[in-house]
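return a 3D structure for these sequence lines:
(chains A, B and C)
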Amino acid sequence: MPGTAPSFDRPAAGPITSQFSRRPPDYLEGLNEEQRDAVLSTEGPLLVLAGAGTGKTRVLTTRIAHILSTRMARGAEILSVTFTNKAAREMKERIGSLVGSSVEGMPWLGTFHSISARILRRHAELVDLRSDFTILDTDDQIRLIKQLLAAENIDEKRWPARQFAGMLDAWKNRGLLPRDVSEADAGFFANGKGKKLYADYQARLKVLNAADFGDLLLECIRLFREQPDVLAEYHRRFRYMLVDEYQDSNVAQYLWLRLLAQGKPASEANICVVGDDDQSIYGWRGAEVDNILRFEKDFPGAKVIKLERNYRSTSNILSAASHLIAHNESRLGKTLQTDVGERGETVAVTSVWDSEEEARQIGEDIEQLQRNGEALDSMAILVRASFQMREFEERFITLGLNYRVVGGPRFYERREIRDALAYLRLVSNFTDDLAFERIVNVPKRGLGDTTVKVLMGTARHQNVPLTTATRMLIETEDLKPKQRTTLRELLAQFDDWAERSRSIPHAELAEQILDESGYTAMWQADKAPDSPGRLENLKELVRSMEEFETLGGFLEHISLVMDRDSADSDDAVSIMTLHSAKGLEFNTVFLPGWEEGLFPHQRALDESGRAGLEEERRLAYVGITRARKRAKISLAQNRRIHGLWQSAIPSRFLDELPADAVEVKDTGSSYGGYGYGGGASSRFNQVDPFDSVYETPGWQRAQRQRENRKSPGPMTIDGELVAKSVSDPGTSSAFSLGETVLHLKFGHGEIINIEGNKLTIQFETGRKKVLDSFIRKS
DNA sequence: TTTGCTCTTATTTTT
DNA sequence: TAAGAGCAAA
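Here you go, the predicted structure:
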């Protein structure tokens, strides 16, 4: 019963809670004091600050299990929100095993987006949509924006559709409708047309009966604001609200939650948010750490529970992570304490020659661990940027080491899947113009831009969907005979499929559509190395359709929920970005690429300054805290960025690690190397003798050069004339062909090609492309 | 309409 | 380097 918080001495009524008075139920066993408090404090607002590895998910799931088994609410009365489908799925599983039954009864456990979509479909007409509205994917979105730009005569080169899509996203993340966008904000795009474009875009979506991801939330917010009775219905329904990873929520999600929590005075709302400000790594996509920092103000009297006992990592690892994150200024401040007991291995920092050696080194380490009986599954390589993955993949392939890349493009984002879906969407709904556009000429049918333009023109004039416009046009002389025939046949096919969709199972229908349209044949004929994989994906798609009752149900699933192909069961090392590692843990974690410019990433620093640096540091913190037993950091002295060799300097984060928990190693192949010096600050950033000529480190110098290249006029690098003119690439270098030069790290070599300030040099060790600023005349 | 070539640009990613 | 986009020629 809401209002009566169950406790050991005064349990609420009910068959289960009566047991409760004698001894705590099983699910509370093994929880520490704070965790238990968090589970049992069901009434009123609660903020759980859960450090890495402190059993956050456990608290969340146990809390739900507790609410369910004490009958304080039924599954359908609990709203519990996550950010990813993966997290939602995991929670369902864990709750299921706790309460020992299926979680079918929890329809409101899901991502912000899937729950919003569910709500919107029920009240679609109130936000000018029909309940079968389509959810736009990024491709559709870009295509639509391009059309709008063309209609406004905006040069797509100067104002790329992608950029506008990014702005749209940012606005929607902040909960801004077209009218809310400030002129200053929208003004710069396409000389002040930004705001109008946003409004046009939204209008177009309504015509198409579509919503993009941002709209799912935004329209929900609008619905709640404009229809108090609808909102009240949800207030009555949701007796408890839970939010995972609250530090990742953006403004729109915050507004959404606030509206739903308004059923009661803020101080009585049964809302529980769980998060860790130190793991906020999605600021760049609109997450507001502020939401979590502000929770106590939003919900006065909120109880705050800190989970600081870490059950995951050894004290060395924890010490490294804590020292590092302590360099951040804006944080709530938690102190993690280890529960593991032993200090464990020290955190290894290894300096290597280049990324190739880094991959080799890590490969060896992995094989060594494997010989010691560690499973590959328990190891992961966490990189800052995905281009770093390739080197490892290549190395592991030669070693025959099993690996798996986690993350990357989602299943439904793949071209073949989207194409197939477009066919299905169109069959189930002839008014889906975006789907039509996508596949009219896929596979190629000789229906190019010009034909499509005619179709679109008619559609717009007559104000009808593209299929209808096509039907009209094939009766006229406006199209060339060839195209007319092709279109007539295509329409006939679609009519046929739509007809069949009523009688045969949709999975079977899908197979027929893919065959008869020639889509399968298209990939069979394609000789590209990835086409067999694509065919495989299509099969997978058809297979997964079988699990759904209706085509509509399947389409909803695929656009909101469907993940990348399910985990292969083989034992394999995981390779992933630091971002996608959040929430996971491994015995051994490899953290390569700790170099200035790469990690912290230059762009984060350039674009967001101190805040950017702090977010990068949180990313490093997330990385280290993924490790249970071993964290192995490495850095390369040379790295190839966009095909150019550059010397790198060690990440500043290395200096922020505590000396007593870290052991510095050098593979010996380094020239000059990075010393073993005493104090933390001198250990890594020992200035390279070559760099000492300049004031700034190599990376920054290179960055500056890159900028310089864009601007006309003489370029100087630290006072030295490097290029006379950009338009004069042949003679722009201070060096000449055939000259013997010295690169401090690669040694002597002969210049065999010059392109601007990029030199190709034959060194004793091989041919490399380097920037001329790394070269001295010999 | 399609193809092949040149140019450009280059985090992190969920939904 | 390497992928994707845009543009000119077939």
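
number of residues surrounding the closest residue to DNA strand C within the stretch 501-650 of chain A?
Here the residue of the stretch 501-650 of chain A nearest DNA strand C is A:Gly643; by Cβ to the nearest atom of the strand that distance is 2.8 Å. The C-beta positions use only the backbone N, C-alpha and C, and glycine is treated the same way. Per other Cβ atoms under 10 Å, the neighbour tally for A:Gly643 reads 7.

how about the residue lying closest to it once chain neighbours are set aside, phi and psi?
Closest residue to A:Gly643 in three dimensions, ignoring its sequence neighbours and counting by Cβ to Cβ, 6 or more residues apart in numbering: A:Lys769, at 6.1 Å. Note on A:Lys769: its backbone torsions stand at phi -100, psi 130 [degrees, to the nearest 10].

show me what contacts A:Lys769?
A:643-645, A:758-761 (Cβ atoms under 8 Å, 6 or more residues apart in numbering).

redo that, cut-off 10 Å
Residues in contact with A:Lys769 (Cβ atoms under 10 Å, 6 or more residues apart in numbering) are A:640, A:642-645, A:753, A:755, A:758-761.

try A:Glu475
Contacts for A:Glu475 (Cβ under 10 Å, 6+ apart) come out as A:484, A:488.

doesn't it belong to a helix?
No - according to DSSP: H, G, I helix; E, B strand; the rest coil, A:Glu475 belongs to no helix; its state is coil.

now the residue of the stretch 401-550 of chain A found nearest DNA strand B, nearest residue through space, not along the chain?
In the stretch 401-550 of chain A, no residue comes nearer to DNA strand B than A:Gly448, which is 2.3 Å away by Cβ to the nearest atom of the strand. Nearest residue to A:Gly448, sequence neighbours excluded (Cβ to Cβ, 6+ apart): A:Asn441, at 6.6 Å.

from A:Arg158, how far out is A:Gly192?
As judged by Cβ to Cβ, to the nearest Å, A:Gly192 and A:Arg158 stand 14 Å apart.

and A:Asp277, by the same measure?
39 Å.

and the nearest residue to A:Pro600 once chain neighbours are set aside, helix, strand or coil?
In space, and not counting its chain neighbours, A:Pro600 is closest to A:Glu616: 3.7 Å by Cβ to Cβ, 6+ apart. Reduced to three states with three-state DSSP, the structure at A:Glu616 is helix.

A:Glu616: neighbour count?
22.

just A:Val340 next, same as before
17.

check the one 3 residues further on too.
By the measure other Cβ under 10 Å, the count of residues near A:Arg343 is 15.

again, but for A:Leu487
Around A:Leu487 there are 20 residues (other Cβ under 10 Å).

mind checking how far the biggest strand by length in chain A is from the chain centre?
Across chain A, the strand with the greatest residue count (assigned by DSSP state E) is strand A:627-641. Centre-to-centre, strand A:627-641 and its host chain are 22 Å apart (Cα atoms, centre = their mean, to the nearest Å).

with stretch A:263-278 instead?
Computed by Cα atoms, centre = their mean, the separation of stretch A:263-278 from the middle of its chain amounts to 25 Å.

how long is that stretch end to end?
31 Å (Cα to Cα, to the nearest Å).

residues of chain A that sit close to DNA strand C?
A:156-157, A:160, A:642-643, A:769 (Cβ under 7 Å from any atom of the strand).

and if we set it to 6 Å?
By Cβ under 6 Å from any atom of the strand, the residues of chain A that approach DNA strand C are A:156, A:642-643.

which SSE is the closest residue to DNA strand C within the stretch 251-400 of chain A in?
Residue nearest to DNA strand C within the stretch 251-400 of chain A (Cβ to the nearest atom of the strand): A:Arg390, separated by 7.9 Å. A:Arg390 is part of helix A:389-399 when elements are defined by DSSP states H and E.

give the buried residues for stretch A:59-73.
Buried residues in stretch A:59-73, counted by 16 or more other Cβ atoms under 10 Å: A:59-70, A:72-73.

restrict those residues to those near DNA strand B?
Okay, of the buried residues of stretch A:59-73, nothing touches DNA strand B (Cβ under 6 Å from any atom of the strand).

what kind of secondary structure is A:Met576 in?
Under three-state DSSP, A:Met576 falls in the strand class.

can you lay out the residues of chain A next to DNA strand C as JSON lines showing pLDDT and distance to DNA strand B?
Output for those, formatted as JSON lines (pLDDT from 0 to 100; distance: Cβ to the nearest atom of the strand, whole Å):
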{"residue": "A:Glu156", "pLDDT": "77", "distance to DNA strand B": "12"}
{"residue": "A:His642", "pLDDT": "85", "distance to DNA strand B": "4"}
{"residue": "A:Gly643", "pLDDT": "83", "distance to DNA strand B": "6"}
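
and which of these is nearest to A:Val589?
Using Cβ to Cβ, A:His642 comes nearest to A:Val589 of the residues of chain A next to DNA strand C, at 27.6 Å.

any idea how far that closest one is from A:Ile474?
In this view, A:His642 and A:Ile474 are 49 Å apart by Cβ to Cβ.

more neighbours, those two?
Counted by other Cβ under 10 Å, A:His642 and A:Ile474 do not tie: A:Ile474 has more neighbours, with 18 against 8.

the more buried one contacts A:Arg488, correct?
Yes - contact between A:Ile474 and A:Arg488 holds when scored by Cβ atoms under 10 Å: they sit 4.8 Å apart.

tell me which residues in the helix or strand hosting A:Trp523 are buried?
Assessed by DSSP H and E, A:Trp523 sits inside helix A:519-525. Using 16+ other Cβ under 10 Å as the test for burial, helix A:519-525 gives A:519-520, A:522-523.

what is the rounded mean pLDDT of it?
Here helix A:519-525 scores 87 as its mean pLDDT.

give me the contacts around that helix.
Helix A:519-525 has contacts (Cβ under 10 Å, 6+ apart) with A:415-416, A:419-420, A:423, A:439, A:442-444, A:511, A:513-515, A:518, A:530-539.

do any residues in it lie close to DNA strand B?
No - Helix A:519-525 stays clear of DNA strand B (Cβ under 6 Å from any atom of the strand), getting no nearer than 10.8 Å.

just to revisit the earlier point, quick check: what element follows the longest strand of chain A along the chain?
strand A:644-647.

and that following strand, what does it pack onto?
strand A:627-641, helix A:698-710, strand A:758-763, strand A:766-771 (3 or more Cβ pairs under 10 Å, 6 or more residues apart in numbering; DSSP states H and E).

now it: buried residues?
Buried residues in strand A:644-647, counted by 16+ other Cβ under 10 Å: A:644-647.

can you name every helix or strand that the helix or strand following that strand contacts?
Using DSSP H and E, the helix or strand that follows strand A:644-647 in sequence is helix A:652-655. Helices and strands touching helix A:652-655, as assessed by 3+ Cβ pairs under 10 Å, 6+ apart, comprise helix A:315-325, helix A:602-625, strand A:627-641, helix A:680-684.
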